[in-house]
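**Student:** Pasting a predicted model and its sequence here:
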Amino acid sequence: MWTAVQIALGLTGILLMLGGDRLSMPIMSYGGVALMGMASMAIGLEAVVTRHIVVGSRYARSTYTGIAAIAQGIQFNVLGWFLLGVAVFAYLGVDSGRDIFLRFVRRPGLPILVFGLFCLLQAVIGISGSREDREGERWIVIMNLLVSRLLPGSILVLIGLGAVGLGLFEIVAPDAFDEMGGGFLEMLYGIGN
């Protein structure tokens, strides 16, 4: 059932986006983007509920279970909500994202916080590894754990914690953030408060 819902939402979304572009009907394109977001959320919900997700092509697949699958599901849900937000803002007539972009340049706390959370989720996925990463000869599995999972995962944890802390600091104390150099983006894009 999950697969049928995901395929139906994804294909309908693609058809609406293409049809809206060809027929010069933006409302169809916005609906297609919204359906693509819902397809992403359906994939994420399945991963969270079943605690199992398979990513990749038919030639190279990775199977994630447990906490790694839940982290993948959360990432797919955040992506789905982002696409839904894009569709709603486009429908409401926000000037092609420029207003939103300038808002985030003035107050970058939320994007920095989301980036940090994505880094932490990806660290969980990377350190946990896929089922295929845990198969094979013992010394290969240990080398794989140390070199390609634990080291990058630790780096992502540090980046994620730093970004979450920086994002929360900007949200809680925006003036102090600007005094410490947070107003650099505003200066870069030539906008004022």
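**Tutor:** Yep, that arrived. Everything numeric here is computed off the predicted structure, so don't read it as measured data.
**Student:** Checking my notes, residue 53 in a helix, right?
**Tutor:** No: checked against DSSP: H, G, I helix; E, B strand; the rest coil, residue 53 lies outside a helix; its state is strand.
**Student:** ok, how many other residues are close to it?
**Tutor:** 23 (other CB atoms under 10 Å). For every residue, glycine as well, the C-beta is placed using N, CA and C.
**Student:** All further residue positions should be reported with the first residue as 255.
**Tutor:** With 255 as the first residue, the last one maps to residue 307.
**Student:** For it, which non-adjacent residue is closest in space?
**Tutor:** Excluding its sequence neighbours, the residue lying closest to residue 307 (CB to CB, 6 or more residues apart in numbering) is residue 301, at 4.0 Å.
**Student:** same check, this time on residue 267
**Tutor:** The nearest residue in space to residue 267 (CB to CB, 6+ apart) is residue 289, at 3.3 Å.
**Student:** repeat for residue 290
**Tutor:** Residue 290 sits nearest to residue 267 (CB to CB, 6+ apart), 4.0 Å away.
**Student:** residues in contact with the one you found?
**Tutor:** Contacts for residue 267 (CB atoms under 8 Å, 6 or more residues apart in numbering) come out as 285, 286, 287, 288, 289, 290, 292, 293.
**Student:** contacting residues around the third one?
**Tutor:** Listed by CB under 8 Å, 6+ apart, the contact set of residue 287 reads 267, 271, 337, 340, 341, 344.
**Student:** related to what we said a few turns ago, export the contacts of residue 267 to TSV and tack on secondary structure, pLDDT and distance to residue 413?
**Tutor:** Conversion of the contacts of residue 267 to TSV gives the following (DSSP: H, G, I helix; E, B strand; the rest coil; pLDDT from 0 to 100; distance: CB to CB, whole Å):
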residue	secondary structure	pLDDT	distance to residue 413
285	helix	93	36
286	helix	94	34
287	helix	92	29
288	helix	94	31
289	helix	94	33
290	helix	95	28
292	helix	95	30
293	helix	95	29
